[in-house]
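[1] just need the structure, nothing else, for what follows:
(one chain, ligands or ions: 1)
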Amino acid sequence: MQRHLLSAIALIAMASPAFAQGEVNIYSSRHYDTDDALYSDFEESTGITVNRIEDDANVLMERMRSEGELGAADVFITVDAARIAIADNGGLLQPMGSEVVNEKVPAELRSADDNWTAISTRARLIFFDKDGVENPPQTYQDLADPQYEGMICTRSSSNTYMLSLLGSIIAHEGEEAAREWAEGVKNNLARDPQGGDTDQLRGIISGECPIAVANHYYYARGLRNEVAGLTEGIDQIGIVFPNQETTGTHVNISAAGIAANAPNVDNARAFIEYLLTPRAQELIANGNDEYPVVEGVEAAPEVLELGDFKRDELNVGEFGNFSDEAQRIYNEVGYK
Ligand code: FE
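    Sure, this is the predicted structure:
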């Protein structure tokens, strides 16, 4: 009886167009409403059914590890180069083998081993109180200058954004310089590191933080939506795209890769290639105010308002691989 029921279900499944091309299982640590539109648009245009599991990146990676060769994950999506590097170094990904990825994504925004690619980028900026700061820092290095003693707010050093920023300094200047930088910034802090990036921006408006470090889209979100404690006073916040005269502004990524034990490799590749279509890039860019990675697609209006900038062209995988060293350095200098 049960067997009959199962084969009936299988027949219906095979006959339904949504199943015609099979399925793809997405493990994603991004949870933006607009990602829903991405998934349904992909389903409609390909007939491939999207099954998705959304959770914290570490939970998803642990799940992929424990599933092992019986893996259910096809595509792993996460934010931050450090996280995707951890997945890659842990053997959780496999080469994408996609000409589309190689053609559309600049080499510094995908891994050298072909195991993952950026799908969007985010810039880490310096923000300041226009009323209180006459000479805002122009570089990340300036943040360590004693003239800014007691003026800087950041989130905690264990946050991946902070690890990746220090990772980029390690990659550019070496460990010793990175340690001096971390110690210098720690000595300039206005308060113990706390909260998320929005809280750093709120600190400027409340007067607690003359200078703050945050990703660009938290500011853009304050322009686009009504964000408590931010939108009302946002005119007071000045913006610096750091290191324009030198290495360029540090950018991080949202990234995708094909799971090492993916049961549906072709569909996984098709999904990643879909993420690089103009339509998907637009949805991603407008969803979280990130920068598209594919040329010819524009960022959201609130993001374009921030202006053009030169980005650091260090391969994002390189600083992603330095996250352990970065955390060790932060710990050594007592950066909370
Ligand atoms: Fe964020």
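
[2] for the protein, give me the ranges with low pLDDT.
    Under the criterion pLDDT under 70, the flagged ranges of the chain are 1-20.

[3] now the strands for it?
    23-28, 49-54, 75-79, 93-94, 117-129, 152-153, 211-215, 237-240, 251-259, 291-292 (DSSP state E).

[4] these two touch, right, residue 188 and residue 148?
    Yes: the pair residue 188 / residue 148 is scored as a contact, 4.7 Å apart, by CB atoms under 8 Å. (C-beta placed from N, C-alpha, C; glycine too.)

[5] just to revisit the earlier point, quick one: closest of the strands of the chain to residue 165.
    Smallest distance to residue 165 across the strands of the chain (CB to CB): 5.7 Å, for strand 117-129.

[6] tilt between that closest one and strand 251-259?
    In terms of direction (axes from the mean of the first three to the mean of the last three CA atoms, to 10 degrees), strand 117-129 departs from strand 251-259 by 160 degrees.

[7] strand 117-129 versus strand 75-79: what angle between them?
    Calculated by the same axes, to 10 degrees, strand 117-129 forms an angle of 10 degrees with strand 75-79.

[8] list every C-alpha atom in strand 117-129, with coordinates, as CSV.
    C-alpha atoms of strand 117-129 as CSV (Å, rounded to 0.1, in the frame of the first residue of the first chain):
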residue,chain,number,x,y,z
THR,A,117,32.7,33.3,-6.5
ALA,A,118,31.5,36.6,-5.2
ILE,A,119,27.9,37.4,-6.1
SER,A,120,28.0,41.0,-4.7
THR,A,121,30.4,43.2,-2.8
ARG,A,122,30.3,45.5,0.2
ALA,A,123,32.7,48.3,1.0
ARG,A,124,34.0,49.0,4.6
LEU,A,125,33.9,52.7,5.1
ILE,A,126,34.9,55.3,7.6
PHE,A,127,32.0,57.5,8.8
PHE,A,128,32.4,60.7,10.9
ASP,A,129,30.5,63.4,12.7
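
[9] now tell me what touches stretch 292-304 from outside.
    For stretch 292-304, contacts defined as CB atoms under 8 Å, 6 or more residues apart in numbering pick out 104-106, 109, 117-121, 216-217, 220-221, 223-224, 253, 276, 278, 281-282, 284-286, 289-291.

[10] quickly list the domain ranges of the protein.
    Domain segmentation of the chain under automatic domain parsing yields 2-121+251-302, 122-249+317-333.

[11] output those domains as a markdown table; include the columns distance to residue 309.
    Output for the domains of the chain, formatted as a markdown table (distance: least, CB to CB, whole Å):
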| stretch | distance to residue 309 |
| --- | --- |
| domain 2-121+251-302 | 9 |
| domain 122-249+317-333 | 4 |
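
[12] which one of those domains lies nearest to residue 310?
    The stretch from the domains of the chain with the least distance to residue 310 (CB to CB) is domain 122-249+317-333; that distance is 4.4 Å.

[13] can you give me the end-to-end distance of that closest one?
    From its first residue to its last, domain 122-249+317-333 covers 27 Å (CA to CA, to the nearest Å).

[14] ok now it, how far from the chain's centre?
    Chain-centre distance of domain 122-249+317-333: 16 Å, with CA atoms, centre = their mean, to the nearest Å.

[15] returning to what we had before: mind checking the strands of the chain for the one nearest to residue 141?
    Of all these, it is strand 117-129 that lies closest to residue 141, at 11.2 Å by CB to CB.

[16] between the closest one and strand 211-215, how many degrees?
    Using the same axes, to 10 degrees: strand 117-129 against strand 211-215 is 160 degrees.

[17] quick check: the gap between the closest residue in space to residue 41 that isn't next to it in sequence and residue 262.
    Nearest residue to residue 41 in three dimensions, chain neighbours excluded: residue 279, at 6.6 Å (CB to CB, 6 or more residues apart in numbering). According to CB to CB, to the nearest Å, residue 279 stands 24 Å off from residue 262.

[18] pick out whichever of those two has more residues nearby.
    Taking neighbours as other CB atoms under 10 Å, residue 279 and residue 262 compare with residue 262 leading, 23 against 14.

[19] which residues does the spatially closest residue to that one that is not a sequence neighbour contact?
    Among residues not flanking residue 262 along the chain, residue 74 sits closest, at 4.2 Å (CB to CB, 6+ apart). Counting by CB under 8 Å, 6+ apart, residue 74 touches 24, 25, 26, 258, 259, 262, 263, 264, 265, 267, 268, 271.

[20] do that again at 10 Å, thanks
    Applying CB atoms under 10 Å, 6 or more residues apart in numbering to residue 74 gives the contacts 23-27, 50-51, 258-259, 261-272.

[21] now list the buried members of those.
    The neighbour-count test (16 or more other CB atoms under 10 Å) marks 23-27, 50, 258-259, 261-265, 267-272 as buried among the contacts of residue 74.

[22] quick check: which of the strands of the chain is nearest to residue 138?
    strand 237-240 (6.1 Å).
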